[in-house]
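Q: I would like to see how this sequence folds:
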Amino acid sequence: MSKPKVQGKATIQKKKGDDKPPQVNVSFFQRHLLEFSIGLCLIMVILAVFWPVKNYEFINFDDDLYVTDNPYVKAGLTLKSVIWAFTTMHANNWHPLTWLSHMLDRELYGLNPGGHHLTNLLFHIGNTLLLFLVLKRMTGALWRSSFVAALFALHPLHVESVAWVAERKDVLSTLFWILTMWAYFWYTEQPRLDRYLLVLLLFALGLLSKPMLVTLPFILLLLDYWPLGRFQFGQLNGHHNPHSSKSISPCNQRSLTFRLVLEKAPFFALSAVSSFLTFFAQQKGGAVKSFELFSFGNRIGNALVSYVNYIGKMIWPHHLALLYPHPGALPIWQVIGASLLLVCVSVVAIRSARRHPYLMVGWLWYLGTLVPVIGLVQVGMQAMADRYTYVPLIGLFVMIAWGIPNILLRLGCRRIVLAILADLLLLTLTAIAMLQVKHWHNSVTLFKHSLKVTVDNYIIHNNLGIALAARGKDEEAIAHYVEALRIKPYFVEAHNNFGNALVRQGKYREAIYHYAECLRIMPDLAKAHSNLGVALSRQGRYQEAIVHYEEALRIKPDYADAHYNLGNALALQGKYQEAIAHFAEALRIIPDFAEVHFSRGWVYLMIGNRGLAMEEYEVLKRIHPDLANALSQKMMK
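A: Next comes the predicted model:
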């Protein structure tokens with residue numbers, strides 16, 4: 001009896017090797033295992049360099065504006081704080097996502113600086129890993145992409161962006177920068193509206209973190225040229241272009257170029273809006289300096305020299321400082337020399353674009369991304385800043401990672417030698433970065449280091465004086481205020497802080513002189529009026545003090561300190577109800593203003609209302625136990 005036939009099956013003759021697992025699966029897992037290993041190494045070395053920041057303090061340079069003295073951030077993620085984040089121009093910027101991240105840290109860590117530092121560190125780790133993966137996906141070059149990521153992770157110029165809590169905007173915005181690049185690559189693989197909108201969303205989120213992303217649309221166009229090859233069809237530098245298999249005519253190429261530029265139109269529009277808001281915020285806050293202070297010629301000269309100085313510090317990262325004072329007019333030979341160098345490199349990069357497109361892309365990346373912060377619109381008193389290199393140096397790192405191996409391999413250098421040289425370079429950068437991180441332990445260590453490596457740095461002298469005064473070292477602080485005023489006699493901040501130190505020493509007449517100098521230079525300086533009022537009050541000149549407190553409030557109605565000081569002066573004159581009204585205003589602005597609660601409790605005792613005084617005592621037990629004990633002692637008398 002014959003066996004029944006099985007329908008739908010065919011007999012297949014096995015060939016040799018058919019029983020082996022598919023090689024494609026093995027290679028897939030091997031490839032990703034290697035990427036995982038590289039990523040793990042990057043994480044470990046970043047932690048080795050930056051882990052000490054978990055024990056570091058806030059510094060009195062912008063950290064007060066962003067966290068420690070910011071009542072909205074200190075309140076955490078409340079509805080009022082969130083609305084403020086989207087409507088404020090505080091700190092001369094409009095970056096609501098940055099404010100929200102600081103508020104979230106306040107919810108998670110309170111005012112423990114270690115937690116805020118660790119968040120910056122986590123963002124830096126994320127940025128490094130994403131940069132590695134994005135470059136690897138776009139170029140297919142594993143080791144070169146990992147080398148760029150390692151340079152980004154470890155370069156000492158990037159320490160400032162990571163170790164400075166106030167530079168959260170830097171690491172956060174860069175996260176969205178790289179995510180935008182990732183999404184853009186995904187979009188170019190299969191252009192669809194949903195993918196395009198994701199790119200646009202991530203770009204918008206980046207702008208809400210820091211306006212540095214205004215140059216990103218230009219970078220997307222550079223990526224279209226290399227490594228994505230959307231401008232070049234057929235063959236690009238000897239490699240097949242994945243986006244097309246045939247060449248097109250020059251006419252069609254121009255049409256394609258127009259479409260690629262048009263594709264970025266919404267991005268350029270968002271950049272324009274962000275640029276306008278940023279300029280408005282900085283001008284409103286007085287951060288934009290006039291041409292009388294820095295002429296346009298001086299700005300051009302400083303910009304050209306700074307481009308070269310950044311390259312110099314990338315190659316040899318020494319004498320790194322928190323602030324580099326603006327030199328004003330530079331020697332003409334420096335400006336001409338910098339111009340010639342930049343022009344020569346630009347010509348070489350552009351002429352080699354067909355054979356070595358990464359050179360042009362990397363160089364234009366560097367030049368373009370520095371434009372917003374190169375000083376043509378002068379914001380602040382610095383000539384340059386390490387933090388400004390966080391994104392721009394990626395372009396130079398790409399030039400190094402792709403260019404130098406090509407040169408050395410053509411000269412007959414073996415790959416093992418390249419690997420050894422790369423490792424030595426990374427070890428050197430790691431050692432320098434670790435030393436640089438140590439300077440950020442606190443305000444005093446940071447500012448003292450900055451003074452060692454810069455000249456006539458009057459701003460840092462002033463800030464070091466503040467840091468020393470906070471430690472009760474007024475004599476040392478005064479020495480730095482004196483030095484700041486020697487360098488810049490009309491520096492109102494130094495006069496004001498000098499006056500504060502003299503008040504603490506009981507030298508009221510000398511303090512009044514420095515406050516008066518502040519007001520002579522800047523008559524509408526609210527804090528100088530308020531501080532002058534304090535010095536006058538200490539001399540018993542309450543009516544004169546009240547005039548200055550009221551002037552401070554005319555200039556700055558929501559000035560909590562002035563309300564507090566005016567309330568005290570009125571209370572000392574026996575005007576208790578008026579004093580209580582000003583204390584209420586101070587607490588409306590800063591609800592946990594402990595000194596105000598103490599003073600209001602004392603006034604309640606003076607008018608015989610022990611019940612309300614007890615309420616102030618209960619609040620103080622929660623926010624300031626020492627003042628609570630002091631009020632309790634007054635209640636017992």
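
Q: next helix or strand past the helix or strand harbouring Ala528?
A: Assigned by DSSP states H and E, Ala528 falls within helix 526-538. Per DSSP H and E, the first helix or strand lying C-terminal to helix 526-538 is helix 542-555.

Q: Just the CA atoms of that next one, as CSV, please.
A: Output in CSV follows, covering the C-alpha atoms of helix 542-555 (Å, rounded to 0.1, in the frame of the first residue of the first chain):
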residue,chain,number,x,y,z
TYR,A,542,15.3,106.5,60.1
GLN,A,543,13.6,109.2,58.2
GLU,A,544,16.4,109.5,55.7
ALA,A,545,16.5,105.7,55.4
ILE,A,546,12.8,105.6,54.7
VAL,A,547,13.3,108.0,51.7
HIS,A,548,15.8,105.6,50.2
TYR,A,549,13.6,102.5,50.8
GLU,A,550,10.7,104.1,49.2
GLU,A,551,12.9,105.1,46.2
ALA,A,552,14.1,101.5,45.9
LEU,A,553,10.4,100.4,45.8
ARG,A,554,9.6,103.0,43.2
ILE,A,555,12.3,101.6,41.0
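
Q: just to revisit the earlier point, which secondary structure elements does the helix holding Ala528 contact?
A: Other helices and strands packing on helix 526-538, by 3 or more Cβ pairs under 8 Å, 6 or more residues apart in numbering; DSSP states H and E, are helix 492-504, helix 508-521, helix 542-555, helix 560-572. Every C-beta, even on glycine, is put in place using the N, C-alpha and C of the backbone.

Q: Could you export these to TSV, including columns for distance to Asn531, mean neighbour count and mean pLDDT?
A: As requested, the helices and strands packed on helix 526-538 are exported to TSV (distance: least, Cβ to Cβ, whole Å; neighbours: other Cβ atoms under 10 Å; pLDDT from 0 to 100):
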stretch	distance to Asn531	mean neighbour count	mean pLDDT
helix 492-504	6	23	97
helix 508-521	6	19	97
helix 542-555	9	19	97
helix 560-572	9	24	96
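
Q: Tabulate the ones you listed in CSV, adding columns for distance to Met212.
A: What follows is these, written out as CSV (distance: least, Cβ to Cβ, whole Å):
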stretch, distance to Met212
helix 492-504, 27
helix 508-521, 33
helix 542-555, 32
helix 560-572, 32
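
Q: pLDDT below threshold where in the stretch 251-400 of the chain?
A: 287-292 (pLDDT under 70).

Q: which residues of it fall in strands?
A: For the stretch 251-400 of the chain, the strands defined by DSSP state E, counting those that start in this stretch occupy 324-325, 382-384.

Q: Can you give me the neighbour number for Cys344?
A: 10 (other Cβ atoms under 10 Å).

Q: what's the answer for Leu342, then?
A: With other Cβ under 10 Å as criterion, Leu342 counts 16.

Q: Ok, Gly574 next?
A: Neighbour tally, Gly574, other Cβ under 10 Å: 9.

Q: for Gly611, same thing?
A: 8.

Q: For the helix or strand containing it, which outside residues touch it?
A: Per DSSP H and E: Gly611 is located in helix 610-623. Helix 610-623 is contacted by residues 592, 594, 597-598, 600-602, 604-605, 627-628, 631-632, 635 when judged by Cβ atoms under 8 Å, 6 or more residues apart in numbering.

Q: Pull out the buried residues from it.
A: For helix 610-623, burial by neighbour count (16 or more other Cβ atoms under 10 Å) applies to Ala613, Met614, Glu616, Tyr617, Val619, Leu620.

Q: Which SSE is immediately downstream of that helix?
A: helix 625-636.

Q: Minimum distance to Thr454: which of the helices and strands packed on helix 526-538 has it?
A: Set against Thr454 and scored by Cβ to Cβ, the helices and strands packed on helix 526-538 come closest in helix 492-504, at 16.6 Å.

Q: elements contacting the closest one?
A: So helix 492-504, by 3+ Cβ pairs under 8 Å, 6+ apart, packs with helix 458-470, helix 474-487, helix 508-521, helix 526-538.

Q: how far does the second one sit from the chain's center?
A: Centroid displacement of helix 474-487 relative to its chain, using Cα atoms, centre = their mean, to the nearest Å, is 29 Å.

Q: Helix 458-470 and that one, what's the angle between them?
A: 170 degrees (axes from the mean of the first three to the mean of the last three Cα atoms, to 10 degrees).

Q: rewinding a little: buried residues in the helix holding Ala528?
A: Applying 16+ other Cβ under 10 Å to helix 526-538 flags Ala526, Lys527, Ala528, His529, Ser530, Asn531, Leu532, Gly533, Val534, Ala535, Leu536, Ser537 as buried.

Q: and it, average pLDDT?
A: Taken as a whole, helix 526-538 has a mean pLDDT of 96.

Q: Now do it against helix 542-555, angle only.
A: Using the same axes, to 10 degrees: helix 526-538 against helix 542-555 is 170 degrees.

Q: Show residues contacting helix 526-538.
A: Contacts to helix 526-538, defined as Cβ under 8 Å, 6+ apart, come from residues 492, 495-496, 499-500, 503, 506, 508, 511-512, 515-516, 518-519, 522, 542, 544-549, 551-553, 555-556, 559, 561-562, 565-566, 568-569, 572.
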